[in-house]
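**Student:** Using only what follows, build the 3D model:
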Amino acid sequence: MITTQAAVIEGAGAPFTVQDVELDDPQPNEILVRLTAAGICHTDLTMKAGHIPFPLPGVLGHEGTGVVEAVGAAVTRVVPGDTVVMTFTSCGHCPSCKSAHPAYCTTWIPTNLIGGKRVDGSSPISRAGQPLGGRFFGQSSFARHAIVDERSAVKIQEDLPPELLAPLACSIQTGAGAVWNTLRPEPGSSVAVLGVGAVGVAAIMAASLSPVRQIIAVGRDPEHLAAAEKYGATHTLNTSEVELAAGLRDLTGGAGVDNVVEAIGNADLLRASIEALATRGSVAVVGAPPYGVEVSLDVHRLLPGRRVLGVCEGDSDPEQLIPLLAGLVKSGRLPIAPLIREYAFDQIEAAASDFAGGQVTKAVLRFDA
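**Tutor:** This is a model prediction of the structure:
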């Protein structure tokens, strides 16, 4: 057992407070990681607000990167000294995992989102002898050290600074994967991306690396839309000025858009994007509104081959996609650095506030700052 520092949430709506906690020694399929950076994602803030159940007091964080310090007896993927990116976990045995779709693992919700503990019912994190909710996405990386499920850890060979590695764990792989793995746009087709946060910009960058004809960035902030053009958008659409469906049809010459990434979690915009689809067009639903939000639509709109596809973590196989993304960042083909603002770990509450308020596209905590 070791003592480290973690950002603990005492209850729904409470702030992050950095305090001492204890970590168990790694179990056979776990590793001990010393964190160098961790990104803040909207899912962290959703859990913090209590919109999705998670055992509190607890420790969140699911975009971690760091150095392996110790490994359990059965670990084969990494050794001490390896640099890893920590992403979602999965069982490795269900049909989805065996077919290279671990983001749709049958154990995904309890082991990543709402469980807060190991399969055996224990938590790897405690405070003054009392267990805390932990193992968020197999990691709980808002801490200087984390006990991490082996399947959450992806070894990275590229020599990249930690602040560029951390976002690959969720937001960048989600946006890029939604384009490459789910939509798979055909050459010469059109792609619209609703939302120009980190996930949306990653989708725009991924589309720009595909042989598409048109990339439409959709948002409400003129500065964010102008930035989207630097990342590969060929057109922008401001929904504070133009109705979404009409605007998309106009930009596509009346044909409708072939592919949409809905990265906002807005039911009205999702319905409008379905209305704007071309024949055989597809919407990848990435944004997550609160539980219970419904979207009504005319079924006849779907009959000409239109599809609405739910997407989790970009339908990624992290062992394959995250190293690819790291290589693209290293080569300059995935220029994510301008999206990032760094904060010292003890500034986590300020970082979360800035991120929630839209003052920063991707807030990344640095543990050596």
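**Student:** element containing Val329?
**Tutor:** Per DSSP states H and E, Val329 falls inside helix 318-331.
**Student:** outside of that helix, which residues touch it?
**Tutor:** 85, 87-88, 100, 102, 154-160, 164-165, 168-169, 172-173, 176-177, 181, 209, 314, 316, 334-336 (C-beta atoms under 8 Å, 6 or more residues apart in numbering). Just so you know, the C-beta spots here come from the backbone N, C-alpha and C atoms, and that holds for glycine as well.
**Student:** Could you report the pLDDT at the nearest residue to Asp250 once chain neighbours are set aside?
**Tutor:** Using C-beta to C-beta, 6 or more residues apart in numbering and skipping the chain neighbours, the partner closest in space to Asp250 is Val242 (7.9 Å). As predicted, Val242 sits at a pLDDT of 94.
**Student:** May I have the phi/psi pair for Val242?
**Tutor:** phi -130, psi 140 (degrees, to the nearest 10).
**Student:** That one: neighbouring residues, count only.
**Tutor:** Other residues within reach of Val242, judged by other C-beta atoms under 10 Å, total 14.
**Student:** Let me see the ranges of the helices in the stretch 101-250 of the chain.
**Tutor:** 108, 162-165, 171-177, 198-208, 222-230, 244-251 (DSSP state H, counting those that start in this stretch).
**Student:** Give me the buried subset of the contacts of helix 318-331.
**Tutor:** Neighbour-count burial (16 or more other C-beta atoms under 10 Å) applied to the contacts of helix 318-331 gives 85, 87-88, 102, 154, 156, 160, 164-165, 168-169, 172-173, 176-177, 181, 314, 316, 334, 336.
**Student:** on that earlier part again, please flag which of the contacts of helix 318-331 sit within strands.
**Tutor:** Among these, the members falling in strands (DSSP state E) are 85, 154-155.
**Student:** Just name the closest of those residues to Val293, please.
**Tutor:** Val293 has its nearest neighbour among these in Val85, at 31.0 Å by C-beta to C-beta.
**Student:** Now for that closest one: which residues touch it?
**Tutor:** Counting by C-beta under 8 Å, 6+ apart, Val85 has contacts 64-65, 153-154, 156, 165-166, 168-169, 318, 322, 326.
**Student:** thinking again about what came up before, from Pro57, how far out is the residue nearest to Asp250?
**Tutor:** Counting by C-beta to C-beta, to the nearest Å, the separation of Val242 from Pro57 is 46 Å.
**Student:** need the contact list for the residue nearest to Gly256 when sequence neighbours are not counted.
**Tutor:** Spatial nearest neighbour of Gly256, chain neighbours left out: Ala278 (3.5 Å); criterion: C-beta to C-beta, 6+ apart. If you count contacts by C-beta under 8 Å, 6+ apart, Ala278 has them with 190, 252, 255-258.
**Student:** go on, Glu163?
**Tutor:** So Glu163 contacts 37, 340, 342, 364, 366 (C-beta under 8 Å, 6+ apart).
**Student:** try 10 Å
**Tutor:** Contact analysis of Glu163 by C-beta atoms under 10 Å, 6 or more residues apart in numbering lists 36-39, 65, 336-337, 340-343, 362, 364-366, 369.
**Student:** next one: Glu10
**Tutor:** Neighbour list for Glu10: 16-17, 56-58 [criterion: C-beta under 10 Å, 6+ apart].
**Student:** Now do the same contact list for the residue lying closest to Phe137 once chain neighbours are set aside.
**Tutor:** Computed as C-beta to C-beta, 6+ apart, the closest residue to Phe137 that is not its neighbour in sequence is His62, at 3.5 Å. Each residue near His62 by C-beta under 10 Å, 6+ apart is listed here: 38-41, 43-44, 47, 86-89, 112-113, 136-142, 152, 169-170.
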